[in-house]
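> sequence and predicted structure are below.
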Amino acid sequence: RKDEAPKRSLWQRFKDVAFTDVSVLFKGVDEGSLETLETLLIESDFGVTTSLALVADVEFRAKRGEVKTEAEFRGALAQGIEAALRKGNADPTLLRATTGPTVVLVIGVNGAGKTTFIGKLSAQFKKEGKKVLLGAADTFRAGAIDQLRVWAERAGVDFVGGAPGSDPASVAFDAVDAGMTRGADIVIVDTAGRLHTSDDLMTELRKIHRVIMKRLPDAPHEVLLVLDGTIGQNALSQARTFSAAVPVTGIVVTKLDGTAKGGIVVAVHEALNVPIKFVGLGEQIGDLEPFDAGDYAKELVE
Ligand code: GDP
């Protein structure tokens, strides 16, 4: 049996450090509590700039007399986080094709949770009565094709995979082609998360993207980048590398069930100006949630 420490929200951790004596009532916003909040936000992967902006926002509201109680402090923080998540390009709705299949290209490093995400997304579409086809274009890693096939079977959806070592772009082409001829609503293409070098991988992803467009000119409709939510600032550098190679249209942050931090979601959205579209909250097929900025901000300060 695995004994897991209960996940503590940002607010619970703030209280731990800000109110040393729990019987002490909230006295208002002072410099000390703002400093504590700033440190905590930085430790929770929000990044320095965003952390400073969030603290400044709470301070500003306090000066206007809007933050007199603990609940108001908490509310002010949640509002600031939600506003950051809604800024710029922030619509979490999955982009869909007007005609023909919607093609979703899924990218990210090995271990981020790409395959699991694809399985969960397939099951969700299947439940909505959609015809789904998975394309296994990670022909580099031994086992990747089989792993995706297992998820396809579990979700009860169609599958197209090449032989190990075959050209990933041609697998992607075949998957889109099969989706078109078989009348699929959604084609989801898995890609490699590691090649000999990062440059090789980015070149391959660009090629896959180009070849998909060749078969279906307005595809891929979505390029979803899957990031592990527990690796902090490394997720940011991955996000920058991938989005420099292909036009990322949405972010998926996985493993948020395993961290009490969660600020990386805000940091990545702000760095890329790309919407967060899903968060992963577990290893099971049902553990996927469409992203909601308001809910997410509230959960952080629960
Ligand atoms: P891929 O290499 O990117 O395809 O990654 P996988 O989908 O194989 O996932 C890597 C590991 O992370 C597996 O053990 C998954 O069960 C686990 N995983 C994926 N998503 C989540 C999640 O949202 N929460 C948790 N706790 N684990 C996850």
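Noted; the coordinates are in hand.
> for residue 215, give me its contacts.
Residue 215 makes contact with 173, 176-177, 180 under the criterion Cβ atoms under 8 Å, 6 or more residues apart in numbering. Every residue, glycine included, has its C-beta placed from N, CA and C.
> residue 166 against residue 139, yeah?
Yes. Under the criterion of Cβ atoms under 8 Å, residue 166 makes contact with residue 139 at 5.1 Å.
> need the residues of the stretch 1-150 of the chain near the ligand, please.
Within the stretch 1-150 of the chain, the positions near the ligand by Cβ under 6 Å from any ligand atom are 108, 110-116.
> could you turn the buried ones of these into a PyMOL selection?
To isolate the buried ones among these in PyMOL, judged by 16 or more other Cβ atoms under 10 Å, type:
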select buried, resi 108+112+113+114+115+116
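> quick check: mean pLDDT across the one helix or strand residue 154 maps to?
When elements are assigned from DSSP states H and E, residue 154 belongs to helix 144-155. Throughout helix 144-155, pLDDT has a mean value of 94.
> could you say what helices and strands the helix or strand following it packs with?
Once the chain leaves helix 144-155, the next helix or strand it forms, by DSSP H and E, is strand 158-161. Other helices and strands packing on strand 158-161, by 3 or more Cβ pairs under 8 Å, 6 or more residues apart in numbering; DSSP states H and E, are strand 132-137, helix 144-155, helix 168-181.
> will you turn these into CSV that also has distance to residue 271 and mean neighbour count?
Below are the helices and strands packed on strand 158-161 laid out as CSV (distance: least, Cβ to Cβ, whole Å; neighbours: other Cβ atoms under 10 Å):
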stretch, distance to residue 271, mean neighbour count
strand 132-137, 27, 29
helix 144-155, 28, 18
helix 168-181, 27, 21
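> just to revisit the earlier point, for the helix holding residue 154, the distance to its chain's centre please.
The gap between the average C-alpha position of helix 144-155 and the chain average comes to 21 Å, counting by Cα atoms, centre = their mean, to the nearest Å.
> picking that back up, how about the helices and strands packed on strand 158-161 in CSV, adding distance to residue 161?
Compiled in CSV, the helices and strands packed on strand 158-161 are given as follows (distance: least, Cβ to Cβ, whole Å):
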stretch, distance to residue 161
strand 132-137, 4
helix 144-155, 5
helix 168-181, 7
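> which parts of the stretch 101-250 of the chain are strands?
102-107, 132-137, 158-161, 186-191, 222-228, 250-254 (DSSP state E, counting those that start in this stretch).
> taking this protein, what residue is nearest to the ligand?
The chain approaches the ligand most closely through residue 280 (2.7 Å), counting by Cβ to the nearest ligand atom.
> surely that residue meets residue 258?
No. Taking contacts as Cβ under 8 Å, residue 280 lies outside contact range of residue 258: 9.6 Å.
> is it true that residue 154 touches residue 119?
Yes. Counting by Cβ under 8 Å, residue 154 does reach residue 119; the two are 6.4 Å apart.
> any shared contact partners between those two?
Both residue 154 and residue 119 are in contact with residue 285, where contact means Cβ under 8 Å, 6+ apart.
> what about residue 143, how many neighbours?
By the criterion of other Cβ atoms under 10 Å, residue 143 has 10 neighbours.
> tell me the contacts of the closest residue in space to residue 163 that isn't next to it in sequence?
Counting by Cβ to Cβ, 6 or more residues apart in numbering, residue 163 lies nearest to residue 139, which is 7.3 Å off, once chain neighbours are set aside. The neighbourhood of residue 139, defined by Cβ under 8 Å, 6+ apart, consists of 145, 162-168, 171, 192.
> filter those down to the buried ones.
145, 162, 167-168, 171, 192.
> in PDB, list the C-alpha atoms belonging to stretch 186-204.
Below are the C-alpha coordinates for stretch 186-204, written out as PDB (Å, rounded to 0.1, in the frame of the first residue of the first chain):
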ATOM      1  CA  ILE A 186     -10.700  12.500 -35.000                       C
ATOM      2  CA  VAL A 187      -7.200  11.400 -35.900                       C
ATOM      3  CA  ILE A 188      -4.700  11.600 -33.100                       C
ATOM      4  CA  VAL A 189      -1.000  11.200 -34.100                       C
ATOM      5  CA  ASP A 190       1.600  10.200 -31.500                       C
ATOM      6  CA  THR A 191       5.200  11.200 -32.100                       C
ATOM      7  CA  ALA A 192       8.600  10.400 -30.800                       C
ATOM      8  CA  GLY A 193       9.800  12.100 -27.600                       C
ATOM      9  CA  ARG A 194      13.400  11.500 -28.100                       C
ATOM     10  CA  LEU A 195      15.800  10.900 -31.000                       C
ATOM     11  CA  HIS A 196      19.600  10.900 -31.200                       C
ATOM     12  CA  THR A 197      19.600  14.700 -30.600                       C
ATOM     13  CA  SER A 198      17.000  17.300 -29.900                       C
ATOM     14  CA  ASP A 199      17.700  18.900 -33.400                       C
ATOM     15  CA  ASP A 200      16.900  15.500 -35.000                       C
ATOM     16  CA  LEU A 201      13.600  15.400 -33.100                       C
ATOM     17  CA  MET A 202      12.600  19.000 -34.000                       C
ATOM     18  CA  THR A 203      13.500  18.300 -37.700                       C
ATOM     19  CA  GLU A 204      11.400  15.100 -37.600                       C
END
